[in-house]
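Colleague: build me a structure from this.
(chains A, B, C and D)
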4 protein chains.
Amino acid sequence: MTIPTPLTGVIPPVCTPLTPEREVDVPSLVRLVDHLVAGGVDALFVLGSSSEAAFLTDAQRRRVVETVVGHVGGQLPVLAGVIDMTTPRVLDHVRAVTAAGAEAVVATAPFYTRTHPAEISRHYRLLAAGSPVPVLAYDIPVAVHSGLPADVVLELAADGVLAGLKDSSGDLAAFRRVVTGARTDAAVTGFSVLTGSELLVDSALALGADGAVPGLANVDPAGYVRLVRLFRAGDLDRARAEQERLCALFAMVGAGDPARMGGGSAALGAFKAALHLRGVIACPATAEPQVPLSEAETEQVGKYLAAAGLL
Amino acid sequence: MTIPTPLTGVIPPVCTPLTPEREVDVPSLVRLVDHLVAGGVDALFVLGSSSEAAFLTDAQRRRVVETVVGHVGGQLPVLAGVIDMTTPRVLDHVRAVTAAGAEAVVATAPFYTRTHPAEISRHYRLLAAGSPVPVLAYDIPVAVHSGLPADVVLELAADGVLAGLKDSSGDLAAFRRVVTGARTDAAVTGFSVLTGSELLVDSALALGADGAVPGLANVDPAGYVRLVRLFRAGDLDRARAEQERLCALFAMVGAGDPARMGGGSAALGAFKAALHLRGVIACPATAEPQVPLSEAETEQVGKYLAAAGLL
Amino acid sequence: MTIPTPLTGVIPPVCTPLTPEREVDVPSLVRLVDHLVAGGVDALFVLGSSSEAAFLTDAQRRRVVETVVGHVGGQLPVLAGVIDMTTPRVLDHVRAVTAAGAEAVVATAPFYTRTHPAEISRHYRLLAAGSPVPVLAYDIPVAVHSGLPADVVLELAADGVLAGLKDSSGDLAAFRRVVTGARTDAAVTGFSVLTGSELLVDSALALGADGAVPGLANVDPAGYVRLVRLFRAGDLDRARAEQERLCALFAMVGAGDPARMGGGSAALGAFKAALHLRGVIACPATAEPQVPLSEAETEQVGKYLAAAGLL
Amino acid sequence: MTIPTPLTGVIPPVCTPLTPEREVDVPSLVRLVDHLVAGGVDALFVLGSSSEAAFLTDAQRRRVVETVVGHVGGQLPVLAGVIDMTTPRVLDHVRAVTAAGAEAVVATAPFYTRTHPAEISRHYRLLAAGSPVPVLAYDIPVAVHSGLPADVVLELAADGVLAGLKDSSGDLAAFRRVVTGARTDAAVTGFSVLTGSELLVDSALALGADGAVPGLANVDPAGYVRLVRLFRAGDLDRARAEQERLCALFAMVGAGDPARMGGGSAALGAFKAALHLRGVIACPATAEPQVPLSEAETEQVGKYLAAAGLL
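Modeller: Predicted coordinates for the structure are as follows:
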């Protein structure tokens, strides 16, 4: 299966359910995939940040890709993250995830090292040269501490190096430059411009984005699918109302006490608590060394679900 | 061989020579180790940031540890970095490097993920529980974008979790808190407090540090060894003069044009150019996607070497 | 004259024309105000960041307010920035600008000092208690290096402390929280939610913002007025096209070479060059110590004007 | 009186005692100056960050300079901060403080605006041209969010623009570049290199600094004077012990709860609480909108004083 050009619609970054011993919980992962497919999503993105890819060993990563590809093989496109620090290490992941069946790879800028736009560009050119499947760029400065300049992305798009962008920069104005640039540059064709925001999917679609990769779509895939359909149908008022309902739901990531845990623990802990409360996964555990939500914090997550009509 | 408690003196973070095809250049690595041993260093630290660990594949990392341990086995302690994003992935590296003979491991705080002091503490406790050899903490906010709070380090030292600290924070006042705290807390014994600065080794020793891990010691190990010996002998004026000579030499990291490359490319490119010019390694290549120094920039490095009496 | 509640539409942050000797060029300022009024703007904001308030002496600030209030007095509401580091100094500016006729004041969070949400809240409560006119908050982390948390803004809005928000945070998702919160909280009435972005006015309006304060509206007030009118009329495709034309025009801020000058010099230099090229102001000088645009850079600005149909 | 070239020894940044109504408490300020003089300090620096200059109105700033110059006029050199955002505003302060008798001015890089080394350089050149007294640079990135590059400082020193540097960068390696550069460049004469650190005065002196400007010297001037004298006498062990005693005392800045207040409130609150507990000033109030220490936090400050032998 080759991925559509461009990819459109809702492409959730699939959470990775874990057992209490922190092994990949394959039956829960399969149930989660079924839940997403039933919600009407358009493709799946495994091994992204919301998938706790940064915490999964190489063996666990392989297990995740094999499981998901094995379960929805040919039914939905499966993209896989290849998150690692630099080109040689990322290329090892490219080999592993494509061997396991991934149909596109999603790669961040180099991190840990102090990088430069010229190095970012070289990084993606080498990845594209070494990958048997399309490469999408993943702009996530909160994790890698550098951003992808719009002109670098557009040049790589025009040269056929990049097949798309997942934008988690939080900077909608910069994202707009890529969206508009990709539309107006004749050399760019089939390029997928995807927002990673949970909170601005309607805004991103309005300025021309192709689709969205919201972590919260694990919890409420049908909500995001509905939002995209309302928008495509021109029913902007109801699209905005749906987006606002999802914004209120997203506030669950504030349930975890910031005095006790980092923002990652709180967000992933809330998503997994919600999936557990909704009966999708067997155990809400997050990977080490993340701090788990307390019982009271988990109850708080339940209240957000109830308020959004999901319990 | 077990590592001394505390580790003292000069412990260079060993560069990783590469072939033009970016494979580990084993003969050059052996020559580099010989050059460091001849310079009088006290231990070796492989797979640190100056070793381009962030760029080396797992196979290359293993090759490096096996080569160095095989060559100086029993003669000098060999510490190995286990640089990766989170606990489960770092534990995989701990298994690999200790299987290859490393006598201590050096681990950063979690990165890529948004972390928290409680998670950093949990991370090191899990690493210590899973490691057959001592664990040193590596404070390098420029790479991991969070710092190790002094009180966290001291608590982990008192609990026997950490065997030492390599401080590359650039914040000598915070480092001093750890040095003084480790000295005055009776529960802390044999803890190694090491500065990662090239430029303040004399200052760090004066406030009580045990030793130094300067990347520039690849280029001039004898200089750093002389500096430490002068300091230990109480000849502070000559120690300061030696440090100032090394500060002037370190300016080589500014040879690479910041408009063309990141700070990592410039620093590692300069160290490797210097080792090549000095005849220690066969090829000055740095790993992808780093930008190589130009011919003119390499000449500039040569001038710094000449000014320092090293050519 | 009291300001509308809420303020809506286009409220340009009025540039401050200077003579070659860096005194306020009053005739040019009057012409600029006429140009803005002719463009159809809804109110004027003097002494903001785009007004170079950070560079104007107290005497110059007074001159600006008196000139603008004297010229459009009663015709359009005039808001004035009171940009300074902390409460006592800001209160001095409140006294000065209201004595000169300003009908509302716009204040940032404390800066220079390391601040805290509790101090930000206290700051605005003291300003509101000491101000004879409404106080709007100015969220501009790029200048003050801390952000205004949405919950702090909403609490101050509900308590009647703040009359509005000018958001220059670049974070549309956080802005949305304030917009939605202000709409849904019955305790909040007449609160003005204004975006400071040049590039996302259509997006901000779509999610419920009342108006916009774009620096680029100095150059093309009619464009922003047209954009708002198209949006209000439901003609979203043409509104988006107008916004995209303005986005292309805004690229003029990249004309100044970043190797030679800071981002402020480049942006304000471009706006003033454009106003000079369009014949509105007599001299494009920016305040010291900003670096002026070169002749070639100024020509570049002219090309952006021509491409946008403004020359 | 002209200032010594270079300035040496201990130059406290004098706190500004306030009445409960937040007016300058002149009798307490006089007592504080007497306390500092009795402690043996070498000069006084008013209107610095520790003086809450960012919070003082222009009238209050003038009152402070007049009071201190009037009280110690001719006995000790008095330097004054001219803290404001940009050149024109800083020049207004230069006129005010020199009219009130200041013998040198201390100026930061531009802030609020996004600046550039070329603009920083231009800023200082214009200040020097407009000032009747010597200009010292104040490197304080925690407040102004840009640093003073060592090469810019050294060029301005060689050109006679700057008479000295107060370094509060926290980066001792960068400070060392200025110290060494000023010593080795024949064009630089009489340049004062001063550390603003409370915690590394011994380290700074050892690498060649002329003196120190530690905020904590308000609380224990005699301690810092003793430290400098021990160092100058070559009694390095006792100098280090004195520095360590002062480091332990400095921990008082952690008494204020960071969940309730910013770092500025905590540090200045602790210094003023200590001065109040020691009977030097009548009231520990800090300026608005800073959060005051609680009773329990003030008791905690008292314990640090007692432990350091100061109560």
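Colleague: for the residue of the stretch 201-311 of chain A at minimum distance from chain C, give me its contacts.
Modeller: Across the stretch 201-311 of chain A, the shortest distance to chain C (CB to the nearest CB) belongs to A:S203, at 4.5 Å. Quick note: C-beta positions are derived from backbone N, CA and C, even for glycine. Residues near A:S203 by CB atoms under 8 Å, 6 or more residues apart in numbering or on different chains: A:172, C:172, C:200, C:203, C:206-207.
Colleague: of all these, which two lie farthest apart?
Modeller: By the measure CB to CB, A:L172 and C:A206 form the most distant pair in these, at 11.6 Å.
Colleague: the two: which has the busier surroundings?
Modeller: More crowded of A:L172 and C:A206, by other CB atoms under 10 Å in any protein chain shown: A:L172, with 26 against 20.
Colleague: from C:P221, how far off is A:G70?
Modeller: Relative to C:P221, A:G70 is positioned 60 Å away (CB to CB, to the nearest Å).
Colleague: cool, and A:V228?
Modeller: 36 Å.
Colleague: what does A:P4 give?
Modeller: On the measure of CB to CB, A:P4 and C:P221 end up 43 Å apart.
Colleague: now do A:H145
Modeller: In terms of CB to CB, A:H145 sits 39 Å off from C:P221.
Colleague: cool, and A:A104?
Modeller: 45 Å.
Colleague: so A:L249 sits in a helix?
Modeller: Yes - under DSSP: H, G, I helix; E, B strand; the rest coil, A:L249 sits within a helix.
Colleague: counting neighbours, what do you get for it?
Modeller: 23.
Colleague: correct me if wrong: it contacts A:L216.
Modeller: Yes - proximity of A:L249 to A:L216 meets the contact threshold set by CB atoms under 8 Å, at 6.6 Å.
Colleague: where along the stretch 51-200 of chain A do the strands fall?
Modeller: All strands of the stretch 51-200 of chain A, identified by DSSP state E, counting those that start in this stretch, fall at A:78-81, A:104-108, A:135-139, A:164-167, A:192-195.
Colleague: check the spacing between the closest residue to A:G223 other than its chain neighbours and chain D real quick.
Modeller: With sequence-adjacent residues excluded and distances taken as CB to CB, 6 or more residues apart in numbering or on different chains, A:G223 is closest to A:L246, at 5.4 Å. Relative to chain D, A:L246 is positioned 31 Å away (CB to the nearest CB, to the nearest Å).
Colleague: and A:L246, that's in a strand?
Modeller: No - under three-state DSSP, A:L246 falls outside any strand and is assigned helix.
Colleague: so it sits right up against A:V219, yeah?
Modeller: No - counting by CB under 8 Å, A:V219 is not a contact partner of A:L246; they are 9.4 Å apart.
Colleague: which one's more surrounded, the two?
Modeller: Remark: of A:L246 and A:V219, A:V219 carries more neighbours, 32 against 23, as counted by other CB under 10 Å.
Colleague: per-residue pLDDT, the more buried one?
Modeller: Looking at A:V219, its pLDDT reads 98.
Colleague: also A:L311?
Modeller: 89.
Colleague: for A:D159, same thing?
Modeller: The model's pLDDT for A:D159 equals 98.
Colleague: what's around it, how many residues?
Modeller: Neighbours of A:D159 using other CB under 10 Å come to 14.
Colleague: ok, now which ones touch it?
Modeller: By CB under 8 Å, 6+ apart, the neighbours of A:D159 are A:125, A:187.
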